[in-house]
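S.K.: Build the 3D model from these lines:
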Amino acid sequence: MKKAQGFTIIELIIAMVIITVILLVVVPVGQTATDNSRVANAMSSIKAIETAAVGWANDNGGQYTGISFTQLTNGYLPLEFTPKSTDPWNGDYTVNVNSNDATKIDISLSNVPTGPAAKLTTALTKIAAASGSPSYADGIWSITLQ
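M.R.: Below you'll find the model as predicted:
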């Protein structure tokens with residue numbers, strides 16, 4: 001009789017366990033890289049929004065009264081920003097005058113997951129113009145800038 005050739009069930013199970021272990025290591029690394037990329041993109045966008053807002057305020061008597069993200073896309077923000085631009089987590093950018101001080105603005109991003117929100121907060125608390133700590137609640141991350 002000929003002996004059947006091929007893999008035994010034990011060999012197949014061992015191969016599947018090895019592949020599973022490799023995937024468990026590789027997938028989180030990829031997710032972390034994606035999160036870091038989105039945080040860097042958001043930081044760059046927030047800095048661009050801040051610069052655009054200062055330009056808008058200079059053209060409007062030094063105050064942010066009446067400012068909005070849509071208005072900033074009309075000549076103040078780079079061309080890649082449009083009124084329908086979304087943040088890196090497919091949420092919305094929001095720009096409003098601070099309710100306590102018309103010389104400050106509040107910038108918010110929606111749909112931000114908890115992990116990236118913490119990274120964004122850590123990175124942007126170093127901005128010298130920040131007049132208050134960034135806040136995060138219910139997926140909305142925001143910061144007040146002068």
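S.K.: Which helix runs longest in this protein?
M.R.: Criterion DSSP state H: the longest helix present in the chain is helix 9-59.
S.K.: Quick one: list the elements packing against that helix.
M.R.: helix 69-72, strand 93-97, strand 105-109, helix 114-124, strand 140-145 (3 or more C-beta pairs under 8 Å, 6 or more residues apart in numbering; DSSP states H and E). C-beta: built from backbone N, CA, C; applies to glycine.
S.K.: What is the last one packed up against?
M.R.: It stands for strand 140-145. Based on contacts counted as 3+ C-beta pairs under 8 Å, 6+ apart, the elements that strand 140-145 packs against are helix 9-59, strand 105-109, helix 114-124, strand 135-137.
S.K.: hey, C-alpha coordinates of the second one in PDB?
M.R.: Provided in PDB are the C-alpha atoms of strand 105-109 (Å, rounded to 0.1, in the frame of the first residue of the first chain):
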ATOM      1  CA  ILE A 105     -11.500  80.900  18.900                       C
ATOM      2  CA  ASP A 106     -12.600  77.300  19.600                       C
ATOM      3  CA  ILE A 107     -11.600  74.700  17.100                       C
ATOM      4  CA  SER A 108     -13.300  71.300  17.300                       C
ATOM      5  CA  LEU A 109     -13.000  67.900  15.500                       C
END
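S.K.: follow-up on the earlier one: closest one to residue 16 among the helices and strands packed on helix 9-59?
M.R.: Counting by C-beta to C-beta, residue 16 lies closest to helix 114-124 out of those; the figure is 29.6 Å.
S.K.: Now do the closest one, average pLDDT.
M.R.: Taken as a whole, helix 114-124 has a mean pLDDT of 85.
S.K.: what's that helix in contact with?
M.R.: Around helix 114-124, the neighbours that count as contacts under C-beta atoms under 8 Å, 6 or more residues apart in numbering are 35-36, 38-39, 42-43, 46, 89, 109, 112, 130, 133-134, 136, 141, 143.
S.K.: 10 Å instead?
M.R.: 31-32, 34-36, 38-40, 42-43, 46-47, 88-89, 107, 109, 112, 130, 133-137, 139-141, 143, 145 (C-beta atoms under 10 Å, 6 or more residues apart in numbering).
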